[in-house]
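Student: quick one: sequence and predicted model below, then my questions.
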Amino acid sequence: MRSKIGAGLVAVLATVVFSWGLTPQPAAAAKERKIILDWIYGGKHAPFFVARDKGFWKKAGVNVKILQGRGSGKAAAWIDTKKVDYSYGDFATMLKVVQKGGNNLAVGAVHVYQTGCYMSFASTGIKKPKDLEGKRYGGPPADFGRTLMPAMAGAMGFDMKKVIFKTMKPAVRTPALFKNKIDFISGTRGSSCPRMRIHAERKGRKISFLYFKDMGLESYGHVIQIHRDRLKNNSKEIQAVVGGLFDAFAWTIKNPKGGYNVYIKANPTKDKEISRVQIAEALEDVQDTEVMAKGLGYMKESMVKKSVATANKYFKLSPPVDYTKTYTNRFIRPNPGL
């Protein structure tokens with residue numbers, strides 16, 4: 001008798017719940033967040049795809065869309081104007097935006113030193129920074145090699161005013177270099193530098209490199225950026241995105257072949273040989289003894305000070321940027337497996 005009453009009661013309650021619109025609902029999907037990269041997809045971006053496709057972000061409860069970039073300048077500008085939630089771009093370029101009133105904040109350094117380079121063919125005669133004078137540089141306005149040139153010129157003593165700038169889209173500059181329509185372009189280790197070297201070798205030509213760190217530029221390379229306003233109500237989300245990303249970097253360091261497979265699956269049209277070299281090279285640039293111990297992305301105060309001092313001096317930033325307001329290690333933690 002009791003079982004019949006109990007069954008009837010359950011049925012009545014179920015009817016009431018349904019009629020009131022109280023039927024159990026599945027958990028709402030995480031709101032999509034966007035991160036813009038510094039450039040078109042390349043092997044150095046493999047850990048971003050690992051974070052997305054191996055479930056690091058999903059496990060942390062966030063849904064992140066990866067956008068191709070068109071230069072570190074654009075990546076920094078889109079953070080300040082809140083077109084995206086996160087960006088990956090050059091730290092020195094970010095500082096120029098901050099000095100103009102931008103609210104960008106670095107929440108983790110991907111590259112522990114400046115990874116940029118200028119590339120040219122031997123026929124141009126470019127062997128040292130001074131040789132860039134009178135030569136044609138190709139790239140978009142927001143290209144970080146262009147935005148960083150004042151610092152390079154100041155550190156190495158060449159006259160930037162004597163460089164001839166040819167504005168062009170990213171897809172155009174490589175063909176233009178091979179056709180001798182321009183003399184040099186910029187790139188980074190783990191991306192354009194190895195890609196250009198391999199392309200040149202396949203055509204029986206040799207590319208020369210001027211690496212920024214060897215030219216005296218003491219600065220962090222690329223960092224993860226957010227708008228400062230996001231600190232107010234999004235700490236948990238930022239921790240999930242940043243923590244998930246650097247855990248993906250750690251996983252890729254331990255599993256470079258796995259990282260390569262994830263990247264190629266997500267980008268099947270990419271050159272496999274070039275992608276493999278790009279990934280191997282890029283992973284070298286994120287590792288440092290102190291960083292490995294404290295957590296990938298950790299920003300050393302001494303290096304931040306040097307980076308900001310370099311930008312203030314050579315970009316002639318006035319008033320100068322206060323280094324203490326440019327970064328935080330709040331979301332950095334040791335990575336499992338390292």
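Tutor: All right, it came through fine. Residues are numbered from 1 along each chain as shown.

Student: so residue 130 touches residue 157, yeah?
Tutor: Yes: the criterion here is CB atoms under 8 Å, and residue 130 meets it with residue 157 at 7.1 Å. Heads up, the C-betas are built off the backbone N, CA and C, glycines and all.

Student: now do the helices in the stretch 201-338 of the chain.
Tutor: 235-254, 256-266, 272-284, 289-294, 301-314 (DSSP state H, counting those that start in this stretch).

Student: roughly how far is the third one from the heart of the chain?
Tutor: By that I understand helix 272-284. In terms of CA atoms, centre = their mean, to the nearest Å, the centre of helix 272-284 is found 15 Å from the chain centre.

Student: check what contacts that helix and list those residues.
Tutor: Contacts with helix 272-284, where a contact means CB atoms under 8 Å, 6 or more residues apart in numbering, come from 42-44, 46, 189-191, 193-195, 198-199, 249, 252-253, 256, 259-260, 263-264, 267.

Student: can you tell me which of these are buried?
Tutor: The neighbour-count test (16 or more other CB atoms under 10 Å) applied to these identifies 42-44, 46, 189-191, 193-195, 198-199, 249, 252-253, 259-260, 263-264, 267 as buried.

Student: tell me, how many residues neighbour the residue lying closest to residue 148 once chain neighbours are set aside?
Tutor: Counting by CB to CB, 6 or more residues apart in numbering, the nearest residue to residue 148 once its immediate chain neighbours are dropped is residue 92, at 5.8 Å. Per other CB atoms under 10 Å, the neighbour tally for residue 92 reads 28.

Student: helix, strand or coil for residue 92?
Tutor: helix (DSSP: H, G, I helix; E, B strand; the rest coil).

Student: check contacts around it.
Tutor: 114, 144, 147-148, 151, 217, 219-220, 307, 310-311, 315.

Student: ok, now residue 182?
Tutor: 136-138, 166, 168, 173, 176.

Student: distance of residue 151 from residue 312?
Tutor: 10 Å (CB to CB, to the nearest Å).

Student: ok, the two, which is more surrounded?
Tutor: Remark: of residue 151 and residue 312, residue 151 carries more neighbours, 24 against 18, as counted by other CB under 10 Å.

Student: and that one, what helix or strand is that in?
Tutor: Take DSSP states H and E as the rule and residue 151 turns out to sit in helix 149-156.

Student: give the other helices and strands that that helix contacts.
Tutor: helix 301-314 (3 or more CB pairs under 8 Å, 6 or more residues apart in numbering; DSSP states H and E).
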